[in-house]
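Colleague: Whatever this is, show me its structure:
(chains A, B, C and D)
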Number of protein chains: 2
Amino acid sequence: MPRKTAPGQARIHDVAEAAGVSLMTVSRSVRGLDGVSETTRSRVLAIAQKLNYIPNSNARALASTHTPIIGISLPTLFNDVFADVLSGMRSTFEQAGYATIVETSDYDPERDLSWAERTLGFRPAAMILTGCDHAPDLRPLLLREQVPTLEIWDTTDDPIDICVGIDHFAEGSRLGQYAVSLGYRAPAFVGAPEGFDRRADKRAAGIALAFAEAGAKTLERVRVTGTNAFAMGAEGMARLRGHDRDVAFFLSDHLAFGGIMALEREGGRVPADMGVVGFNGVDLTAVLPRTMTTMVTPRRKIGVVGARHLLARLNNVNVAKVTRLTSTLVEGETLQHR
Amino acid sequence: MPRKTAPGQARIHDVAEAAGVSLMTVSRSVRGLDGVSETTRSRVLAIAQKLNYIPNSNARALASTHTPIIGISLPTLFNDVFADVLSGMRSTFEQAGYATIVETSDYDPERDLSWAERTLGFRPAAMILTGCDHAPDLRPLLLREQVPTLEIWDTTDDPIDICVGIDHFAEGSRLGQYAVSLGYRAPAFVGAPEGFDRRADKRAAGIALAFAEAGAKTLERVRVTGTNAFAMGAEGMARLRGHDRDVAFFLSDHLAFGGIMALEREGGRVPADMGVVGFNGVDLTAVLPRTMTTMVTPRRKIGVVGARHLLARLNNVNVAKVTRLTSTLVEGETLQHR
DNA sequence: TGGAACTGCGTTACCGTTAACGTTCCGCGC
DNA sequence: GCGCGGAACGTTAACGGTAACGCAGTTCCA
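Modeller: Model (predicted):
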């Protein structure tokens, strides 16, 4: 309840007075707009600097018709995937003069909804959401407010506005088919409880389909929870004992690594006793003794392309509503012909 | 340059009119302040909801003496350490009704400075910086603006305002002494180029001192760059060949893990051929076949305590200027008596 | 029973900046 | 000498709220 605006804060008015010009001349000078001679501009800027003038963004946003702010919601930052996507977006937005305010939902759609309401209070230029499955009220809210919206990471044929990401079902399916082609017939999927991570659910569905089409055993789902992805993977692998599986698909590379560690600690061998498939192709995989079979997702690219499309959208340039990028299958050593 | 404020946006005025009350009554109702009867309040809120009224935060910030916004600068989000600190802070701030806007500096002090100028434009209630070594102009800027400031992760006796973190030099020293006590005498430190990560530099200095005091060999510094911490660690270990070292301290657990992988790939053994020490105690270490010798830093706690202290500071409650938290030394299997 | 202290509102004056016009001045073509 | 157009500013009215203060009724109590 504290923090008055610093008493000595210079306002545009002070600068104008000190420079002997009008408010608008200062405003134009500071913003680099036309309509001011170079001599005047440099004089004004010098005075502004001397007075430590920092334009009040709140007043700007209020007076101006647009706000150079973009709200971003991510599930978590404990995950290189979203850090990658974010990094890609930010570098693009920064160049374009937009500031981003990032919030994390911890995979809770309700938090996402309240985030949206809070963030819309800033009258942002645009909003960015992760995934395409939201709280029911979110979509109508965004549409009603007419705010340009980008959905990233996942894709759908019917986005709120525009979306850029990958087709998780298809990628899961590709992974499954690849494992099938190598002779695997008893798959398991180690991931979070159903509904927690919708994208992972879709991948699992894709995997399941691939095995079903091959007449193989039904995909066994192991649901683990926790905050330590590595430990979750280890636990998932442990829970797989006695289930007679020949391949374990993991929610992510991190879980997969944990799973491998758990199996090998008990004397098991990958892929002899169990094939392992990760997802994402994260940094970690670069130093493993055996290359991991995984799907390298174009995370940074999703961020960059997403940001670019959104900027185009903001400038009323037409862009595709749906943009699906492709991942790269890494045929690693954790999966082999059998 | 687009995005006019949605034409249909309900303003407080509209709500007041629809409810047949004054602006202030709506304002008080919405903000949950005293001075409105319960009947009036609920009626006003119902109408506000029906009109989809979302208070304009910019107007609020302008009119009000304080802004419920806290600016946070972190070096990177590709690092669980800062994600941890951030998570700890956010949960605390959220409860207190503050919104946070996070920026990453990529370890560049100049970016930090421009961040500060941008962010101060929002007239935030407080600012949070990582570390205690900044661009020269940053400190005077913050002091001049009289904005409560928290420095986290590192500590100094002379903070800008308040700080909460660990003593990196001391922790480095502890690690060094521990290795010395086990009989190690030829240390190396694998990290980023000097000046890039000031905290790591301090830790290295602490390690160096410990070995110097023991009359051991001078700390050999290996400087690696890149974006993949695991790969950087691997490269660092590779560059250590032929340098006759018996223990390698790494910038972080991630680098340490990369280092171990690199050594073992070439047939080397940890700790027989080389002792390995990490830093931070991250999730990964939970699943490794051998426990890693490392220092578990109280990251989340730093965030929570830092946020609490800052909140107290904002409420004019006295708090310690400097708060040093302690890390926990893990005596793992990557270091052994020799 | 009179006045002090509430309760529950309404009025009015900003908050700091920008958008939309005005205004002035000057050069220039005819 | 006149009109005209553009460059370089200035004036004024918002933008959507909140703070401070004002003012009727009530309640409470000496």
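
Colleague: what pairs with residue A:329 across the strands?
Modeller: residue A:295 (DSSP bridges).

Colleague: can you tell me which residues contact it?
Modeller: Each residue near residue A:329 by CB atoms under 8 Å, 6 or more residues apart in numbering or on different chains is listed here: A:174, A:175, A:178, A:295, A:296. C-betas here are computed from N, CA, C, even on glycine.

Colleague: Count the residues that sit near the residue lying closest to the last one once chain neighbours are set aside.
Modeller: Leaving aside its sequence neighbours, residue A:296 sits nearest to residue A:281 (CB to CB, 6 or more residues apart in numbering or on different chains; 3.1 Å). For residue A:281, the count of nearby residues is 23 (other CB atoms under 10 Å in any protein chain shown).

Colleague: Isn't residue A:217 up against residue A:187?
Modeller: Yes. Using CB atoms under 8 Å, residue A:217 is in contact with residue A:187, at 7.0 Å.

Colleague: How about the spatially most central residue of chain A: what's its closest non-neighbour residue?
Modeller: Nearest to the mean C-alpha position of chain A, by CA atoms, centre = their mean, lies residue A:82 at 4.1 Å. Excluding the flanking residues, the one nearest residue A:82 by CB to CB, 6+ apart is residue A:74, at 4.5 Å.

Colleague: gap between the one you found and residue A:22?
Modeller: As for residue A:74, its distance to residue A:22 is 44 Å (criterion: CB to CB, to the nearest Å).

Colleague: Comparing these two, which shows the higher neighbour count?
Modeller: Higher neighbour count among residue A:74 and residue A:22: residue A:74, with 25 against 11, using other CB under 10 Å.

Colleague: closest point of the stretch 101-250 of chain A to chain B, which residue?
Modeller: residue A:121 (3.8 Å; CB to the nearest CB).

Colleague: ok, now how distant is that residue from residue B:56?
Modeller: 6 Å.

Colleague: Which of the two has more residues huddled nearby?
Modeller: Under the criterion of other CB under 10 Å, the comparison of residue A:121 against residue B:56 puts residue B:56 first, with 21 against 18.

Colleague: Report the contact partners of that one.
Modeller: Neighbours of residue B:56 in contact, by CB under 8 Å, 6+ apart: A:62, A:121, A:123, B:11.

Colleague: ok so, going back, which of the contacts of residue A:329 has the largest number of neighbours?
Modeller: Top of those by neighbour count (other CB under 10 Å): residue A:175, with 26 neighbours.

Colleague: any idea of the pLDDT on residue A:35?
Modeller: Here, the pLDDT recorded for residue A:35 equals 87.

Colleague: okay, now the residue lying closest to residue A:103 once chain neighbours are set aside: neighbour count?
Modeller: Nearest non-adjacent residue to residue A:103, counting by CB to CB, 6+ apart: residue A:115, 4.8 Å away. When neighbours are counted by other CB under 10 Å, residue A:115 registers 22.

Colleague: how near is residue A:115 to DNA strand D?
Modeller: Here the criterion is CB to the nearest atom of the strand, to the nearest Å. By it, residue A:115 lies 19 Å from DNA strand D.

Colleague: Quick one: the helices in the stretch 1-150 of chain A, in order.
Modeller: With DSSP state H, counting those that start in this stretch as the criterion, the stretch 1-150 of chain A has helices at A:12-19, A:23-31, A:38-50, A:57-63, A:80-95, A:109-120, A:138-145.

Colleague: Redo those as TSV? Include distance to DNA strand C.
Modeller: Output for these, formatted as TSV (distance: least, CB to the nearest atom of the strand, whole Å):
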stretch	distance to DNA strand C
helix A:12-19	3
helix A:23-31	3
helix A:38-50	10
helix A:57-63	3
helix A:80-95	19
helix A:109-120	19
helix A:138-145	20
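
Colleague: Residue B:16: which of these is closest?
Modeller: Closest to residue B:16 of those is helix A:57-63 (CB to CB; 18.6 Å).

Colleague: For that closest one, name the packing helices and strands.
Modeller: Using 3 or more CB pairs under 8 Å, 6 or more residues apart in numbering or on different chains; DSSP states H and E, the elements in contact with helix A:57-63 are helix B:57-63.

Colleague: For the helix it packs on, the averaged confidence score.
Modeller: Here the average pLDDT along helix B:57-63 is 94.

Colleague: now check it, is it near DNA strand D?
Modeller: Yes. Interface with DNA strand D: helix B:57-63 contributes B:59, B:60, B:62, B:63 (CB under 7 Å from any atom of the strand).

Colleague: Mind picking the two most distant members of those?
Modeller: B:60 and B:62 (7.1 Å).

Colleague: Show me what residue of the stretch 201-338 of chain A gets nearest to DNA strand D.
Modeller: residue A:314 (19.4 Å; CB to the nearest atom of the strand).

Colleague: my bad, should have said the stretch 151-300 of chain A
Modeller: residue A:161 (22.2 Å).

Colleague: One more: the stretch 51-200 of chain A?
Modeller: The stretch 51-200 of chain A approaches DNA strand D most closely through residue A:63 (3.5 Å), counting by CB to the nearest atom of the strand.

Colleague: Do you have the strands of chain A handy? List them.
Modeller: A:69-74, A:99-104, A:126-130, A:149-154, A:162-166, A:187-191, A:220-223, A:247-250, A:275-277, A:294-296, A:322-324, A:328-330 (DSSP state E).

Colleague: For the fifth one, list every residue counted as buried.
Modeller: By neighbour count, with 16 or more other CB atoms under 10 Å in any protein chain shown as the criterion, the buried positions of strand A:162-166 are A:162, A:163, A:164, A:165, A:166.

Colleague: Spell out which residues of chain A are next to DNA strand D.
Modeller: A:20-25, A:34-37, A:39-40, A:59, A:62-63.

Colleague: Buried among those? Make that a PyMOL selection.
Modeller: In PyMOL syntax, the buried subset of those is picked out as below (16+ other CB under 10 Å):
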select buried, chain A and resi 21+25+36+40+59+62
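
Colleague: Farthest pair within the residues of chain A next to DNA strand D?
Modeller: Once CB to CB is applied, the residues of chain A next to DNA strand D give A:39 and A:62 as the farthest pair, at 31.2 Å.

Colleague: what about residue A:37, distance to residue A:26?
Modeller: From residue A:37 over to residue A:26 (counting by CB to CB), the distance is 14 Å.

Colleague: Mutual contacts of these two, please.
Modeller: By CB under 8 Å, 6+ apart, no residue touches both residue A:37 and residue A:26.

Colleague: sorry, back to before: let me know the closest of the contacts of residue A:329 to residue B:269.
Modeller: Using CB to CB, the contacts of residue A:329 come closest to residue B:269 at residue A:296, 31.4 Å.

Colleague: so the closest one touches residue A:331, yeah?
Modeller: No. Under the criterion of CB under 8 Å, residue A:296 is not in contact with residue A:331, lying 11.4 Å apart.
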